[in-house]
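S.K.: Here's my sequence, what's the structure:
(chains A, B, C, D and E, ligands or ions: 4)
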Amino acid sequence: EPVKIGVITTLSGGGAGLGIDMRDAFTLAMKQSGNKDVELVIEDDAQKPELAVQIAEKMIQGDKVDLMTGIIWSNLAMAVVPNTVAQDVIYLSPNAGPSALAGANCNPNYFNVAYQNDNFHEAMGQYANKDYKNAFILAPNYPAGKDALTGFKRYYKGALAGEIYTQVGQTDYAAEIAQIRASGADSVYFFLPGGMGIAFMKQYAQSGVGIPVTGPGFSFSQDVLPAIGDAAIGVKNSATWSKDLDNEANKKFVDAFKAEYKRLPSIYAAQSWDTANLILAALSKADVKDKDAFRAALKAADFKSVRGEFAFNNNNHPIQNVYIREVVKEDDGVLTNKIIATAFEHHKDAYAEKCAM
Amino acid sequence: MSRETTVNLLLALLLLGAPLVAAGMGEPFYVTLATRVVVLALAAVGLNLALGLGGLLSFGHAAFFGLGGYVAGILATHAFNAEPLFADIPGTTSMPLIWMTAVAVAGLVALPIGAISLRTSGVYFIMITLAFAQMIYYFAISWPAYGGEDGLSLSMRNAFPGVNTAKPLPYFLICYAALMGALLLFRIIEGSRFGSALQAARQNGTRLAAVGIAPFSIRLVAFAASAMITGFAGALYADLNRFVGPSMLSWHMSGELIVLIILGGKGRLFGPVAGAMIFVFFEYVLGGITERWQFFLGLILLGIVLFARGGLLGLLCGKPRHV
Amino acid sequence: MSEPVLEIHDLRKSFGALKATDGVSLELRPGQIHALIGPNGAGKSTLIHQIAGSLKADSGTIRFLGRDIGGLDMAARARLGLARSFQISSLAQEFSALRNVMLAVQARQGSSFRFFRQVTDDKTLTEPAMAMLERVGLATRAHVPAAELSHGERRQLEIAIALALSPRAFLFDEPMAGMGPEGSKRLTSFLDELRHQAPMLLVEHDMDAVFALADRVSVLVYGRIIASGTVDEIRSDPDVRRAYLGETA
Amino acid sequence: MSLLALKGLETFYGASQALFGVDLDVREGEVVALMGRNGMGKTTTINSILGLVRPRSGAITFAGKSIFGLRSHRIARLGLGLVPEGRRCFPNLTVMENLVATARGTEWTLEKVVALFPRLGERRDQYANTLSGGEQQMLAIGRALMTNPRLLILDEATEGLAPVIRQDIWSAIRTLKAAGQSILVVDKTLSELLPVADRCFVLEKGVTVFTGSPATLTPALQDRYLGI
Amino acid sequence: MFTTLLIEQLLNGLQLGVMLFLMAAGLTLIFGVMGLINLAHGSLYMIGAFACATVAAATGSFWIGLIASLAAAAGVGAIIEVAVIRRLYDRDHLDQVLATFALILILSEGARWLFGSFPLYLDIPPQLQGAVALPGGGQYQLYRLAIIGVGVVVAAGLYLLISRTRLGMRIRAGESDREMIGALGVDIGTLYTVVFALGAALAGLAGALVGALQSVQVGMGEPVLILAFVVIVIGGIGSIKGALVGAVIVGVVDTMGRFLLPSLLALTMPASQATTIGAALASMLIYVVMALILAFRPSGLFSAHS
Ligand SMILES: Nc1ncnc2c1ncn2[C@@H]1O[C@H](COP(=O)(O)OP(=O)(O)OP(=O)(O)O)[C@@H](O)[C@H]1O
Ligand SMILES: Nc1ncnc2c1ncn2[C@@H]1O[C@H](COP(=O)(O)OP(=O)(O)OP(=O)(O)O)[C@@H](O)[C@H]1O
Ligand SMILES: [Mg+2]
Ligand SMILES: [Mg+2]
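M.R.: Ligands and ions are numbered 1, 2, ... in the order given. Okay, here's the model as predicted:
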């Protein structure tokens, strides 16, 4: 009997690009492994929490999947994960790591293969100490935005020239940019996912405010870089992965992805590739029906991560390096990132202590 | 028995029978899916009271749906964490208590919103109700206490005396009973003096006032009653998903409720039920077939508006006739 | 003479610079048909609107049954017993003729906040409503939706609704309009009887009807009453002839 | 030759039949009266001519061309001008806009219409929904005249007009007639209608039951068909 | 220092307002004047942006892209009108809601099918890059000034079209009584197709112009849709002047709210709380303003027919 993996991800609507990268990398990894005993059930959540819940129920009750993965967004994860793990189904997060699931509410059935939401921001906060004394920070006014700025401030030691929460879904940033210009800041850190980030970066560049910008890797990931264009060149951003990360697994991954899909992979693709390989590695060591054994096999994280060294902390969240990257234009005119520093080595998240596991 | 009554009866039986069969065959998911149909239909029955009978096109009913949901979520969370709600009022996990609170909260919020909104009419009414819903939506997104955008997840379904609500079928039956109760209420109200006045208010408010019935108070009561039913559905929805989030409050949700009604047949008793059945059915089936399911869902909806006047029930039973 | 049922004093209403009613005073006494005539745009409908409460007067008083009703809204005035018909028919279009009349019966009986008893089985509603339709000659059309009635039939339905309110005074705005010759004749004798039920303020351009019915006629021109008197006085008033009647009459 | 001719016209509203065979014709330069009790099908006949309701069978020709089933704007453009029952002025347009929005041809101009109805001139920038009933009626007539039709159709065009104005309208109709304008009139005031009409058609329950000159419409017939 | 910033923010608010007007302009025509509830307006906006981005990328010229956006949106608009909308004029508003909701699904997914799921690149044309000096020492981005200019021109053009031309009168007449305007000899069917296409083209124009400032992606039209409705309704349906005023009110209120509320609140509470609560209130602000305006003026500020 094959192992059934349920993949709920966003394949339609504005956020579809991320889900498609996720799915493509996942299916590619499975295909390349040659493992014939895995069956994937993939469905689109349209970025709606209620729909994601419905699909999860269907996968658990109807398809009787053994494992679940795929969700991109924190709010969808919050809707699906607690119920899923409560029904003793293992869920592996290929993206999104809300703090609510990392601390006291950690769960042995929940593995986060990506990051805890704060990680990227913490790294940029840490790195900012090197050059900047007076940062202006902004994020949307919702939990992930607040986590982001909290994460940044956790490591950043300089002064704040300003701190703004913008509207969710905002498309015009002229007012914020004016405030930045007037604030006397020496740098800007922003967390604005998806279209918000693209809009901000374009408008920031057009405004001619010269203050250096930094951000988390999501805003400069391969899926959005082409849309931002040259305005992104030189921007430093933090991430746990980059295309040029020098290890065997990563080279194989990037080449395979490029060959199959004729485009460069994004962070989401990388994380998803890792998720698939983690599952494959665990499957080769334990039977998925033997939950305890399988959880132990997952926790061992005995696979070749494209991110280099990778291990799970007590809360089943990664212990990994976080890098600083810079956006560059390659000779063929393609925008991409290049690693310029390591902000953290073997970084753990701040919530693990509260987890009783 | 009129054709419409027959069709209604068949729909009611189908909605009850299909999950029973599915449960018998060990397919609990279809029971859950049917519960979703039932709860969405209930929410739309609420809206149908305002929209179908009273002509009050509220584009803000998600506010009441979401409020009902948040009442369930908040009460249950407080009970679970054993934190009092205010002062020393505790939370609760008892469904009847939660429902009563949800209905009361929805009604109480609807009164001022209705009182202000009913000063306007037509498209202005659509937009002002939307405005109130958006306020609540943005508030929910950015207010951190109950999860903000991430929402609130319930660790388990709330309790109903003597029923194991964690099992899909008993929970379905609870929701089904609620829907049937609401439909009965709708039918009775529709034929009552109040219902007559409400329908007349839709057709011609000036006429109603000229015979001595003030349309405003009739509409306000209808709006509040409608919000209460929708709020009730929201509480059930929270328990169904064991999750509440701001998306329950969003304008998409309001729009979806309206779509359910039009799809089934506006102002008709079983319109929301038929609408919810086809909408959820297509959403589910198409979602399983293709990643482009929304495209085809759009085509199907378009086909229904263009070729089935008066929605599905209009197609099956012809034009509604007043006695 | 008995007390006036309706007493209007110095009523005014302007739309911008236009004075639609400009200090109108008049009285309606029991058993009386008081006709209000005047050129188009003189302010007759505006006056009816102000009395019925669908327009708020700028100043002046309206007393009905001895009570100042200036602060009441349209529905409250109707409940006190002021029934009006509309110059351009205003009906619940989807309801049948019968349901339209039932609505009035229900309003007269009191509260509409009754949620349970079904109106269609309620003989206290259907029977009086049917009787009213019979009186105006629409009984055979009782179950036809208002939207499907012909123009003249709708006008008749308006009257039936006003009747069903058993009001203390009628305000009729051109009830003859749209009635064929036969209908006008019938309606004229019908209104003649109706005066015993309640007095009536009658706005009408059909001079045959006005001269046949009115006990008193007031002539409104540019918002002012320029003449008021019996039919004969008005007919022979040269100002009225010039402003309104022309060479007829 | 007839300008307008109807033969055996049948029209339905949904399932219920309103016209069962209407025959009617209007010759060039003629004033024709269409009569009948309330609900007998006068308005339905007019609406069928203009394509506002779709007749089901029969024949309608205008100026020798069949207009049966054509879309109403095409019919109107052939030269039919309608003053509809219930006025139907465009409420969200001002008086002036109502008049000029659909104006065609040169004979009837804004000035001429205002000269006919000075009231409209006084109210030219007021929205039509705030006009008095009679003012709206004048507007509807003016609007139809300004399309300079070959056949003017008046459906209860004097309803709600003050006697003086009504006299003006009837004299305008006489003037128009003298100038060769063809007119089809529905009106309830026989005393004013019959003197100007060249011929009368009477409808009963959707069928033409009488055709003839006003003189032949004897009081007995009037009583029988119109209830007078 | 603060006053300069305040003035700049006021300008930003004004600019946002005009931008909103531009986004709402097509809807003003279709919804405000023709009286058709078109939820797919945002999709037409998206089509304009996609067409502009694609053609600009292929040809290297923003301007050709702009023309393409007009053509694409007008074309799609005309097709939609003939295939769908035309059957809905004599129906209830509700059927229009459902049909155009279905169109959103079709157009969004269709766009994703054609253009892929990743945001597209669209930048402001080189001729309009950079800033101009304002009298008094400040600077303002040229492109944004150009948008203000286009917005004002569109407003003036629409105003003249609607209220001064016979075409405009006929459109308005058609809204209140389609049958009657037909009976008076106007081919209202064709006229409405043209007007709908024009409204769609305006949506496409806005999509292209504003798209250069934003992310060009599927779903970009949705927030626009709601805002555009808000703007029109505040101003009063059918009134171009109202829509412009409404847009400026929304733009200024929103900008000033985002800018001032957190600092105002900081006077009474700890700074970190003030920023989040201020931001939360700011995001509700335009809806509060709208509810207030409608509560006191139930048919907007300048309703064309109240
Ligand atoms: N809302 C309004 N705004 C501006 N003018 C108005 C408004 N309502 C009515 N008027 C004007 O007030 C005057 C009086 O109108 P009213 O309807 O009372 O006339 P009327 O005497 O009933 O005429 P008719 O016999 O033609 O029905 C008219 O000139 C009309 O145009
Ligand atoms: N929209 C409609 N739907 C259904 N039936 C209608 C409709 N309009 C008119 N009728 C019916 O068609 C018949 C003819 O009506 P029509 O309006 O042509 O009469 P009419 O002769 O013009 O009467 P009136 O003098 O009252 O205006 C009537 O029985 C009427 O009830
Ligand atoms: Mg009048
Ligand atoms: Mg008629």
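S.K.: For chain D, which helix extends over the most residues?
M.R.: helix D:163-178 (DSSP state H).
S.K.: and that helix, what does it pack onto?
M.R.: helix D:133-145, strand D:182-186, helix D:190-196 (3 or more C-beta pairs under 8 Å, 6 or more residues apart in numbering or on different chains; DSSP states H and E). In this view, the C-beta of every residue, glycine as well, is placed from N, C-alpha and C.
S.K.: Try it again at 7 Å.
M.R.: Applying 3 or more C-beta pairs under 7 Å, 6 or more residues apart in numbering or on different chains; DSSP states H and E, we find helix D:163-178 packed against strand D:182-186, helix D:190-196.
S.K.: Please, which helix or strand holds the residue nearest the centre of chain C?
M.R.: Chain C has residue C:172 as the residue nearest its centroid, 1.9 Å off, counting by C-alpha atoms, centre = their mean. Per DSSP states H and E, residue C:172 falls inside strand C:169-173.
S.K.: Quick check: which element contains residue D:5?
M.R.: Applying DSSP H and E, one finds residue D:5 within strand D:2-13.
S.K.: which other helices and strands contact that strand?
M.R.: strand D:16-27, helix D:42-49, strand D:55-62.
S.K.: if we go to 10 Å?
M.R.: strand D:16-27, helix D:42-49, strand D:55-62, strand D:151-155, strand D:182-186, strand D:207-212 (3 or more C-beta pairs under 10 Å, 6 or more residues apart in numbering or on different chains; DSSP states H and E).
S.K.: which residues of the chain fall in strands?
M.R.: With no chain named, the answer covers chain A. A:3-9, A:38-44, A:67-69, A:90-93, A:110-112, A:134-140, A:159-166, A:187-190, A:213-216, A:236-239, A:311-312, A:318-329, A:335-347 (DSSP state E).
S.K.: nope, chain C
M.R.: Going by DSSP E, chain C shows strands at C:6-15, C:18-28, C:33-37, C:59-64, C:67-68, C:82-84, C:169-173, C:200-203, C:216-221, C:224-229.
S.K.: Check the gap between residue D:147 and chain E for me.
M.R.: 6 Å (C-beta to the nearest C-beta, to the nearest Å).
S.K.: Contacts only, for that residue.
M.R.: D:76-77, D:79-82, D:102-105, D:108, E:183-186 (C-beta atoms under 10 Å, 6 or more residues apart in numbering or on different chains).
S.K.: Which strand residues bridge the residue nearest to the centre of chain C?
M.R.: residue C:202 (DSSP bridges).
S.K.: before we move on, the earlier item: which one of the contacts of residue D:147 is nearest to ligand 4?
M.R.: residue D:82 (12.6 Å; C-beta to the ion).
S.K.: is it true that the closest one touches residue D:145?
M.R.: No: taking C-beta atoms under 10 Å as the definition, residue D:82 is not a contact partner of residue D:145, at 11.1 Å.
S.K.: Return the distance of residue E:7 relative to residue A:161.
M.R.: 21 Å (C-beta to C-beta, to the nearest Å).
S.K.: more neighbours, those two?
M.R.: More crowded of residue E:7 and residue A:161, by other C-beta atoms under 10 Å in any protein chain shown: residue A:161, with 21 against 13.
S.K.: Excluding sequence neighbours, find me the nearest residue to the more buried one.
M.R.: Spatial nearest neighbour of residue A:161, chain neighbours left out: residue A:185 (3.4 Å); criterion: C-beta to C-beta, 6 or more residues apart in numbering or on different chains.
S.K.: count of residues packed around the one you found?
M.R.: 23.
S.K.: thinking it is in contact with residue A:136, fair?
M.R.: Yes: contact between residue A:185 and residue A:136 holds when scored by C-beta under 10 Å: they sit 3.8 Å apart.
S.K.: Tell me the residues that contact both of the two, please.
M.R.: A:160, A:161, A:162, A:179, A:211.
S.K.: Let's see if you can find the most crowded of those.
M.R.: Ranking the shared contacts of residue A:185 and residue A:136 using other C-beta under 10 Å puts residue A:179 first, with 23 neighbours.
S.K.: quick one: contacts for that one?
M.R.: A:136, A:138, A:161-162, A:164, A:173, A:185, E:5, E:8-9, E:12, E:258-259, E:263.
S.K.: From ligand 3, how far off is it?
M.R.: 60 Å (C-beta to the ion, to the nearest Å).
S.K.: Could you do residue E:58 as well?
M.R.: For residue E:58, the distance to ligand 3 - C-beta to the ion - is 64 Å.
S.K.: Need the pLDDT of that residue.
M.R.: Looking at residue E:58, its pLDDT stands at 93.
S.K.: Same check on residue B:323?
M.R.: Confidence score, pLDDT, at residue B:323: 49.
S.K.: sorry, back to before: output the strands of chain A in JSON lines, with distance to ligand 4 and mean pLDDT appended to each entry.
M.R.: Compiled in JSON lines, the strands of chain A are given as follows (distance: least, C-beta to the ion, whole Å; pLDDT from 0 to 100):
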{"stretch": "strand A:3-9", "distance to ligand 4": "63", "mean pLDDT": "93"}
{"stretch": "strand A:38-44", "distance to ligand 4": "57", "mean pLDDT": "92"}
{"stretch": "strand A:67-69", "distance to ligand 4": "69", "mean pLDDT": "94"}
{"stretch": "strand A:90-93", "distance to ligand 4": "71", "mean pLDDT": "94"}
{"stretch": "strand A:110-112", "distance to ligand 4": "75", "mean pLDDT": "94"}
{"stretch": "strand A:134-140", "distance to ligand 4": "62", "mean pLDDT": "94"}
{"stretch": "strand A:159-166", "distance to ligand 4": "62", "mean pLDDT": "91"}
{"stretch": "strand A:187-190", "distance to ligand 4": "69", "mean pLDDT": "94"}
{"stretch": "strand A:213-216", "distance to ligand 4": "72", "mean pLDDT": "92"}
{"stretch": "strand A:236-239", "distance to ligand 4": "76", "mean pLDDT": "93"}
{"stretch": "strand A:311-312", "distance to ligand 4": "84", "mean pLDDT": "92"}
{"stretch": "strand A:318-329", "distance to ligand 4": "76", "mean pLDDT": "92"}
{"stretch": "strand A:335-347", "distance to ligand 4": "73", "mean pLDDT": "90"}
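S.K.: nearest to residue B:304, of those?
M.R.: Ranking the strands of chain A by proximity to residue B:304 (C-beta to C-beta) places strand A:38-44 first, at 22.2 Å.
S.K.: hmm, the closest one touching chain B?
M.R.: Yes: Strand A:38-44 is in contact with chain B by C-beta under 10 Å from any C-beta of the partner chain, via A:41, A:42, A:43, A:44.
S.K.: Wondering if the one helix or strand residue E:95 maps to reaches chain D at all.
M.R.: Counting by DSSP H and E, the element that carries residue E:95 is helix E:93-115. No: Helix E:93-115 stays out of contact with chain D when judged by C-beta under 10 Å from any C-beta, the minimum separation being 16.6 Å.
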